[in-house]
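Undergrad: Sharing a model prediction with you, sequence too.
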Amino acid sequence: MDELKLYTYIAVFGTFALYFAIAWWARAGSTSDFYVAGGGITPLQNGMAIGADWMSAASFISMAGMIAFMGYGGSVFLMGWTGGYVLLAMLLAPYMRKHGKFTVPEFIFDRYYSKTARIVAVICLIIASLTYIIGQMKGVGVAFSRFLEVDYGLGLGIGMFVVWVYAVLGGMKGITYTQIAQYVVMIFAYTIPAVFISLQLTGNPIPQLGLGSTLADGSGVYLLDKLDMVVTDLGFKEYTTANLGGGLNMFAYTMSLMIGTAGLPHVIMRFFTVPSVQAARQSAGYALVFIGLLYTVAPAVGAMARLNLMNTIEPTAGQNLEYAERPQWFKDWEQTGLLKYEDKNGDGKIQYTADKATNEMIKVDRDIMVLANPAIANLPNWVIALVAAGGLAAALSTAAGLLLAISSSISHDLMKGVLTPDLSEKNELLAGRVVMTIAILISGYLGLNPPGFAAGTVALAFGLAASSIFPALMMGIFSKKMSGKAAVTGMIAGIGVTMLYVFQHKGIMFIPGTSFLGGMGKDWFFGISPNAFGSVGALVNFAVAFAMLKVTGPAPAHIQEMVQNMRIPGNVSAAHDH
Amino acid sequence: MEENKKAYWQENLRLIFICLAIWFAVSFGLGLLLVEPLNEFRLGGYKLGFWFAQQGSIYSFLGLIFWYGAKMNKLDKKYHAEG
């Protein structure tokens, strides 16, 4: 076994052992432990757990790669996935914590006094969470197969088993403490390579500053200016100004991601675990500290990876790399099929340009940027091993949070709330664990046989959260009069418009050729891409709900009084059941 | 009592309005709508608009959440509304 593999085994299985130990120490004894960790998590702990919960395989592995190839256009992800926490801290989390229930659909049921509303919320939650989990499971499989050369399916199975142990045993309590450990693993794995690379390129160890510094090669040129020059010389769009589908599209996209973030149930749920309203506000701040740490490093990772890649292929202008002399990491990634070269002009050298006819790097998968980065920069093997453990921590921690959101919505909202109200606490706890086991099996199956539409599903998850859950929650708190029927109509209208738009452009359930009004691109509504349409759906939701309110009349007096109580922190008790 | 609740909520709404105006200005304003004119200015190697979009907006969000939290804690004390 070579050194790299040995280190990787130690890093991966060492962290797994740590997660198991924590799970055993923090196992859940009651439904309150299982759903909200007994309501005794401190804001600092909760902030870290939210960070791990939120930052998925997509944040850890894909985001910097997307930024590397989109340049300025990648800003929509940076702003969109952080700005939502401002909305959470001011518009949702404190009031929902004050209300003090276990799940998001339960809050919607209380506020809109309607089982239909609860069921609509459960359905949105399950679709959004399941589609999200598929991505995490794929991340686990890829990390195992790439770093340990284990079969993809076996890697996925190991990942499922690890999540099963600590999520089913510990519920929210076990998940919270494991997520804290996973955050620490993840942030070291992300920032250490970035610090090294920033040092190499600019002499500044802080990546956020390195990105704005001059290059260390003595030329006195700023890193970003150099990158702009290199990419435009080869015909690519200028890095620092490259747009993503026009100004309006970037605006709508950023807004969709922000309100989608604020509306994702597995994130909101975490705010039910702290002891007070003040602690809920504070945990949103800490969460953004921990998330911001990774998100402000990501643009540096992206830009530096792109520059390193360009410099490897064309060390000085016109002097291209001989294919026969390509470095080891190039060969490794060629084997995975994520990197492909074709010698079109037969000169044995690598040409990488924006022109399809002459470009010989016919495939450079965005996802390899973070994973290959340490190798591209010639970093020591233990750093590469750490990145493997970090990627797994990112995927596992998010999967666990999503699984809990799914199992609580079924055992607490569907079973205890609607179908079998006389379920005892002990049996509800058992049901939660059984449902979670089933959810793990389903998501494992979907990770192994990803449905054809897996790639398009992020649009669906954020679209659903943005167009249905966020407006319903916000109106529930800020409009005392909003009635149940009006809110449900608004939710259904919002989802309807968003889904129609996504399916029209990407095919019904993403099946190609079934889009009913014509193809993509040209017919976009004001140039807004399907991924960015959740914000339009949210507008429709608000408009329809307020129009319907005129028809249905205001909510009953006792509901208005409940909203009044939600707004004042007052005497806050621990989250309780009914 | 009712008067107090109303006043508390009004003050809270005013704070939220201020915070969200800044939230909108730093991200959608400086990072997206005004990015081109701002890019004429520089912050070290960063074009200023680009910096707001990829760094500055996130730092501003952080400041906003903690500022709002601190202001609200004071407000809770003022109205004896803390939990």
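TA: It's in.

Undergrad: Number of residues surrounding the residue nearest to residue A:189 when sequence neighbours are not counted?
TA: Once flanking residues are discounted, residue A:189 sits nearest to residue A:390: 2.3 Å by Cβ to Cβ, 6 or more residues apart in numbering or on different chains. To be clear about C-beta, it is placed using only N, CA and C from the backbone, and glycine gets the same treatment. Neighbourhood size, residue A:390 [other Cβ atoms under 10 Å in any protein chain shown]: 27.

Undergrad: Could you do residue A:312 as well?
TA: 17.

Undergrad: how deep is residue A:335 tucked in, by neighbour count?
TA: 9.

Undergrad: wait, residue B:15
TA: Neighbours of residue B:15 (other Cβ under 10 Å): 16.

Undergrad: which non-adjacent residue is nearest it?
TA: Closest residue to residue B:15 apart from its sequence neighbours, by Cβ to Cβ, 6+ apart: residue B:71 at 5.6 Å.

Undergrad: Next: residue B:37.
TA: Closest to residue B:37 by Cβ to Cβ, 6+ apart is residue B:49, at 7.6 Å.

Undergrad: Please, which helix or strand holds that neighbour?
TA: helix B:48-51 (DSSP states H and E).

Undergrad: Also residue A:33?
TA: Residue A:33 is located in helix A:31-36, with elements delineated by DSSP H and E.

Undergrad: How far does that helix sit from its chain's centre?
TA: Centre-to-centre, helix A:31-36 and its host chain are 24 Å apart (Cα atoms, centre = their mean, to the nearest Å).

Undergrad: again, but for stretch A:148-157
TA: Remark: stretch A:148-157 is offset 23 Å from the chain centroid, using Cα atoms, centre = their mean.

Undergrad: got the end-to-end distance for that stretch?
TA: Using Cα to Cα, to the nearest Å, the end-to-end distance of stretch A:148-157 comes to 14 Å.

Undergrad: ok so, going back, touching, the residue nearest to residue B:15 and residue B:18? I think so.
TA: No: at 9.3 Å, residue B:71 does not count as touching residue B:18 under the criterion of Cβ atoms under 8 Å.

Undergrad: Please work out how many residues are found near residue 70.
TA: The chain I'm using is chain A. Residue A:70 has 19 neighbours, counted by other Cβ under 10 Å.

Undergrad: that's the other chain; I wanted chain B
TA: Going by other Cβ under 10 Å, the residues that sit close to residue B:70 add up to 13.

Undergrad: Then residue A:553?
TA: Residue A:553 has 11 neighbouring residues, counting by other Cβ under 10 Å.

Undergrad: if I pick it, what's in contact with it?
TA: For residue A:553, the contacting residues are residue A:483, by Cβ atoms under 8 Å, 6 or more residues apart in numbering or on different chains.

Undergrad: Tell me how far it lies from residue A:482.
TA: According to Cβ to Cβ, to the nearest Å, residue A:553 stands 11 Å off from residue A:482.

Undergrad: what's the answer for residue A:104, then?
TA: As judged by Cβ to Cβ, residue A:104 and residue A:482 stand 17 Å apart.

Undergrad: Tell me which of the two has more neighbours.
TA: Taking neighbours as other Cβ under 10 Å, residue A:104 and residue A:482 compare with residue A:104 leading, 30 against 26.

Undergrad: Nearest spatial neighbour of the residue in the stretch 101-250 of chain A that chain B sits nearest to, chain-adjacent residues omitted?
TA: Among all residues of the stretch 101-250 of chain A, residue A:222 sits closest to chain B, at 3.2 Å; criterion: Cβ to the nearest Cβ. Nearest residue to residue A:222 in three dimensions, chain neighbours excluded: residue B:45, at 3.2 Å (Cβ to Cβ, 6+ apart).

Undergrad: Low-confidence regions, chain B specifically.
TA: By pLDDT under 70, the weakly predicted segments of chain B are B:1, B:82-83.

Undergrad: and what of chain A?
TA: Residues of chain A that meet the criterion pLDDT under 70 lie in A:1, A:450-459, A:506-526, A:571-578.

Undergrad: need the longest helix for it.
TA: Ranked by residue count, the top helix of chain A under DSSP state H comes out as helix A:152-202.

Undergrad: What segments of the stretch 201-350 of chain A are helices?
TA: Shown for the stretch 201-350 of chain A, the helices assigned by DSSP state H, counting those that start in this stretch span residues A:207-210, A:223-233, A:247-263, A:265-268, A:277-313, A:328-336.

Undergrad: Please produce JSON lines containing those, extended by distance to residue B:58.
TA: Formatted as JSON lines, the helices of the stretch 201-350 of chain A follow (distance: least, Cβ to Cβ, whole Å):
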{"stretch": "helix A:207-210", "distance to residue B:58": "10"}
{"stretch": "helix A:223-233", "distance to residue B:58": "18"}
{"stretch": "helix A:247-263", "distance to residue B:58": "12"}
{"stretch": "helix A:265-268", "distance to residue B:58": "17"}
{"stretch": "helix A:277-313", "distance to residue B:58": "5"}
{"stretch": "helix A:328-336", "distance to residue B:58": "30"}
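
Undergrad: quick one, which of these is nearest to residue B:28?
TA: Ranking those by proximity to residue B:28 (Cβ to Cβ) places helix A:247-263 first, at 6.3 Å.

Undergrad: quick one: the helices in the stretch 401-550 of chain A?
TA: A:425-448, A:457-464, A:470-478, A:484-506, A:534-552.

Undergrad: CA atoms of the fourth one as PDB?
TA: Below are the C-alpha coordinates for helix A:484-506, written out as PDB (Å, rounded to 0.1, in the frame of the first residue of the first chain):
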ATOM      1  CA  GLY A 484     -55.400  29.200   6.100                       C
ATOM      2  CA  LYS A 485     -57.200  28.800   2.800                       C
ATOM      3  CA  ALA A 486     -55.500  31.900   1.300                       C
ATOM      4  CA  ALA A 487     -52.000  30.600   2.300                       C
ATOM      5  CA  VAL A 488     -52.700  27.100   0.900                       C
ATOM      6  CA  THR A 489     -53.900  28.600  -2.400                       C
ATOM      7  CA  GLY A 490     -50.800  30.800  -2.500                       C
ATOM      8  CA  MET A 491     -48.500  27.800  -1.800                       C
ATOM      9  CA  ILE A 492     -50.100  25.700  -4.500                       C
ATOM     10  CA  ALA A 493     -49.900  28.600  -7.000                       C
ATOM     11  CA  GLY A 494     -46.300  29.300  -6.200                       C
ATOM     12  CA  ILE A 495     -45.200  25.600  -6.600                       C
ATOM     13  CA  GLY A 496     -47.400  25.200  -9.700                       C
ATOM     14  CA  VAL A 497     -45.800  28.100 -11.500                       C
ATOM     15  CA  THR A 498     -42.300  27.100 -10.600                       C
ATOM     16  CA  MET A 499     -42.800  23.400 -11.500                       C
ATOM     17  CA  LEU A 500     -44.500  24.200 -14.800                       C
ATOM     18  CA  TYR A 501     -41.600  26.500 -15.700                       C
ATOM     19  CA  VAL A 502     -38.900  24.000 -14.700                       C
ATOM     20  CA  PHE A 503     -40.700  21.100 -16.500                       C
ATOM     21  CA  GLN A 504     -41.500  23.100 -19.600                       C
ATOM     22  CA  HIS A 505     -37.800  23.900 -20.000                       C
ATOM     23  CA  LYS A 506     -36.200  20.700 -18.800                       C
END
